[in-house]
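In: 3D, please:
(2 chains)
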Amino acid sequence: MTVFATVGTQLPFDRLLAAVDAWAAANPRVTVRAQTGSTLTRFAHMQCSASLDQAAFAAAFAAARVVVSHAGMGTILSACELGKPILLMPRRAVFGEHRNDHQIDTAAEMAALPNVTVIHEARDIGPALTRLLAQPQNTTVGPAQASGALIANRRDFIFAAGPRGMAT
Amino acid sequence: MAHLRKSLRILAVASGGGHWVQLMRLRPAFAGAEVHYATVDPSAAAGVAPAPLHLYADANKDTKWRLAVAAVQMMVIVLRVRPDVVVSTGAAGGYVAIRLARLMGARTVFIDSIANARKLSVTARLCRGVADRVISQWPDVARRNGVDHWGAVL
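Out: Reported below is the predicted structural model:
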């Protein structure tokens, strides 16, 4: 059984990582992989990489029973495509974790998705993780593309132009 | 005289993480066109091959020097690709590409990340008045900011 924790690759988010690391220390039978981004902190109880390339990220994601993440859309959309349970904690600007608080808005909206659990305090990560791992595995897989309307509108816009140099 | 092209050429621009994942979800919209991608992560190449992938430096408004490097790189990419259409899901690199491509007469569309559920991003606000279309994936945000809403990537 594995857990994958990711906080993107740009900004540190030690509040989340430290809480997952503490949980990993208390649950040695669970393998915890982490993409830690640009932090200087070392975490002793997780297999850490500062940054994973797309193939390694996809592999870590697919292997995980539960994903723990900042409220980043790349991770959330990947979780939806794979029907993976995901625990989100939004970054807070007041702690220097992001340039603004948009992740709070993202998390609030994404909480409506069936595979998404949102918590706001680091102390809630451990209990939520334990609870999610105890749930039966859900294999619902979402579509890997945008809604029909967005694609159709985009196509109308894109192809309205015609190639450069062609008569219109 | 302008070189006559067989198909429409799209430059699709997104920085890493969620911006890129959202761009990938729009790929069905590009079917039938010649698509060039531009991003910050070389490992994205495998996912879009055989379409060409162009790289620029990962930067944001807190890394001003890298932002300048990225802008120069984007200028080279836009000049080389000479797109008919530029589509970007953000972030700053997309704004630069859209500004440059507009000067060359391309049609441009900026799709703000679905992450911006309550407020338009700074980049999307910059793109208003520059891009032909600025799109929010949230109807309320679109209405409040006078931009379009065409649906969402989710």
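
In: C-alpha only now, for contacts and for neighbours.
Out: Noted.

In: Would you check how far apart B:Met104 and B:Asp84 are?
Out: With the distance defined as C-alpha to C-alpha, to the nearest Å, B:Met104 ends up 9 Å from B:Asp84.

In: quick one: which of those two has more around it?
Out: Taking other C-alpha atoms under 10 Å in any protein chain shown, B:Met104 and B:Asp84 do not tie; B:Asp84 has more neighbours (25 against 14).

In: Just want the phi and psi numbers for that one.
Out: For B:Asp84, the backbone dihedrals are phi -80, psi -30 (criterion: degrees, to the nearest 10).

In: OK, contacts around A:Ser38?
Out: Shown in contact with A:Ser38 (C-alpha atoms under 8 Å, 6 or more residues apart in numbering or on different chains): A:9-12, A:50.

In: quick check, nearest of those residues to B:Glu34?
Out: Nearest to B:Glu34 among the contacts of A:Ser38, counting by C-alpha to C-alpha, is A:Thr9 at 30.2 Å.

In: The closest residue to that closest one other than its chain neighbours: neighbour count?
Out: Spatially, and ignoring its direct neighbours in sequence, A:Thr9 is nearest to A:Gly37 (4.0 Å; C-alpha to C-alpha, 6 or more residues apart in numbering or on different chains). Neighbours of A:Gly37 under the rule other C-alpha under 10 Å: 20.

In: does A:Gly37 sit in a helix, a strand or a coil?
Out: coil (DSSP: H, G, I helix; E, B strand; the rest coil).

In: Would you check how far apart it and A:Leu52 are?
Out: 9 Å.

In: picking up where we left off before, including distance to B:Arg80, could the contacts of A:Ser38 go into a markdown table?
Out: Output for the contacts of A:Ser38, formatted as a markdown table (distance: C-alpha to C-alpha, whole Å):
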| residue | distance to B:Arg80 |
| --- | --- |
| A:Thr9 | 29 |
| A:Gln10 | 29 |
| A:Leu11 | 32 |
| A:Pro12 | 36 |
| A:Ala50 | 33 |
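
In: isn't the residue nearest to A:Thr9 right up against A:Leu16?
Out: No - at 11.9 Å, A:Gly37 does not count as touching A:Leu16 under the criterion of C-alpha atoms under 8 Å.

In: so where's chain B uncertain?
Out: Applying pLDDT under 70 to chain B flags residues B:1-4.

In: Without its sequence neighbours, what residue ends up closest to the closest residue to chain A within chain B?
Out: As assessed by C-alpha to the nearest C-alpha, chain A sits closest to B:Gly18 within chain B, at 3.3 Å. Closest residue in space to B:Gly18, ignoring its immediate chain neighbours: A:Gly74 at 3.3 Å, by C-alpha to C-alpha, 6+ apart.

In: which ones are touching that neighbour?
Out: Contacts of A:Gly74 (C-alpha under 8 Å, 6+ apart): B:17-22.

In: how close does it sit to B:Ala71?
Out: If you go by C-alpha to C-alpha, the gap between A:Gly74 and B:Ala71 works out to 24 Å.
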